[in-house]
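[1] the amino acid sequence is not available; the structure is as follows:
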Ligand SMILES: Nc1ncnc2c1ncn2[C@@H]1O[C@H](COP(=O)(O)OP(=O)(O)OP(=O)(O)O)[C@@H](O)[C@H]1O
């Protein structure tokens, strides 16, 4: 990764409410080009709402969000859609169309946004499916014929369809067995390095945090408590951080990561 260089996402004074329930209050966060930023926090602390705000699916109640130097909320529709093509999103449940096979699923954004013919889009889709490690024969299968790990890879291929600069992943390893999850983590690192992606990664998976993330942002009490390298986050004096990082699962993940170094 490039270190704390160019900021690709800048969130300032973000406020998000649902009725009287305030999820974010004056939340600040930066994401730097080329880094994998892990976003963690207790259930309901607003990780997914933050992701949805940044990609423009939830209009904030206050504050500003600049993505690749532009404020999505202030852009006219055509420029906004141009900017949205520069990021890819993998939602928590994969969100593939069950009636379409994988190459059709991945080709869809290419046909919609790039004006490619169906044949060219499906050709490119097969390249993207290979990029995420799926075998050629998977291209003609529908999602219900695939394992959980293959569905995640296919959803990742679709998120990468438009060659995004920023990738948003919402719990990509949830529901995968440890071997599948480890393989997905390695794929993410390879793709980040090969494609120069910046990654916003919401996860509960401690192994993923230790094996992939350059920095980790902890959401707590409606804001970002700390966004730092893991060593700094682990040493932060906070009850949730202590329970999460220094509990049995956190210690095991940390030791496993140290053994790999
Ligand atoms: N559309 C909505 N309408 C009302 N409340 C919502 C909506 N979306 C999210 N919330 C609330 O916002 C809070 C944060 O939700 P969010 O899904 O971002 O949490 P999270 O940190 O991602 O949780 P988890 O780790 O369990 O996935 C929750 O209390 C949730 O109920």
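    Structure received. The structure displayed is predicted, hence computed values, not measured ones.

[2] so what's residue 161 closest to, chain neighbours aside?
    In this structure, residue 161 finds its nearest non-sequential neighbour in residue 109, 4.6 Å apart by C-beta to C-beta, 6 or more residues apart in numbering. No exception for glycine: its C-beta is placed from N, CA and C like everyone else's.

[3] and residue 32, what pLDDT?
    Looking at residue 32, its pLDDT stands at 97.

[4] just give me the neighbour total for it.
    Using other C-beta atoms under 10 Å, residue 32 has 18 neighbouring residues.

[5] same check, this time on residue 98
    The number of residues packed near residue 98 is 8, by other C-beta under 10 Å.

[6] go on, residue 67?
    Using other C-beta under 10 Å, the number of residues around residue 67 comes to 22.

[7] what do you get for residue 133?
    Residues near residue 133, counting by other C-beta under 10 Å, number 18.

[8] can you list the residues of the stretch 1-150 of the chain near the ligand?
    Contacts of the stretch 1-150 of the chain with the ligand, taken as C-beta under 6 Å from any ligand atom, map to 18, 23, 41, 43-49.

[9] mind redoing it with 8 Å?
    16, 18-19, 21, 23, 41-52, 58, 92 (C-beta under 8 Å from any ligand atom).

[10] coming back round to it: please report phi then psi for the residue nearest to residue 161.
    Phi and psi for residue 109, reported as degrees, to the nearest 10, are phi -60, psi -30.

[11] for residue 167, same thing?
    According to degrees, to the nearest 10, residue 167 has phi -120, psi 130.

[12] pretty sure it is touching residue 159, no?
    Yes. Residue 167 lies in contact with residue 159 (C-beta atoms under 8 Å); the separation is 6.2 Å.

[13] pull up the overlap in contacts between those two.
    Listed contacts common to residue 167 and residue 159 are 88-90; contacts here mean C-beta atoms under 8 Å, 6 or more residues apart in numbering.

[14] those residues in strands, which ones?
    Per DSSP state E, strands hold the following members of those: 88-90.

[15] which helix runs longest in this structure?
    If you go by DSSP state H, the chain has its longest helix at helix 178-195.

[16] run through the strands of the stretch 151-261 of the chain in chain order.
    Assigned by DSSP state E, counting those that start in this stretch, the stretch 151-261 of the chain shows strands spanning 166-170, 198-202, 215-220, 223-228.

[17] re earlier: other residues contacting the longest helix of the chain?
    Looking at what lies outside helix 178-195 - C-beta under 8 Å, 6+ apart - the contacts are 1, 34, 36, 131-133, 147-149, 152-153, 156, 160, 163, 169, 172-173, 176, 197, 199, 201, 205, 207-208, 211-212.

[18] repeat for stretch 69-84
    Outside stretch 69-84, the residues within contact range by C-beta under 8 Å, 6+ apart are 55-56, 59-60, 64-65, 67-68, 113.

[19] relative to residue 253, how far out is residue 174?
    16 Å (C-beta to C-beta, to the nearest Å).

[20] among the contacts of stretch 69-84, the buried ones, what's the ChimeraX command?
    Those of those that count as buried under 16 or more other C-beta atoms under 10 Å are selected in ChimeraX with:
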select :55,56,60,65,67,68
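
[21] re the thing from before, from the strands of the stretch 151-261 of the chain, which stretch is densest packed?
    By mean neighbour count, with neighbours taken as mean count of other C-beta atoms under 10 Å, strand 198-202 ranks first of the strands of the stretch 151-261 of the chain at a mean of 25.

[22] which outside residues touch it?
    Where contact means C-beta under 8 Å, 6+ apart, the residues beyond strand 198-202 that reach it are 8-9, 31-40, 47-48, 51, 54, 165-172, 188, 192, 208, 212-213.

[23] repeat for stretch 11-28
    29-30, 46, 49-50, 53-54, 58, 60-65, 219, 222-224.

[24] how about 10 Å then?
    10, 29-31, 44-50, 52-54, 58-67, 217, 219, 221-224, 227 (C-beta atoms under 10 Å, 6 or more residues apart in numbering).
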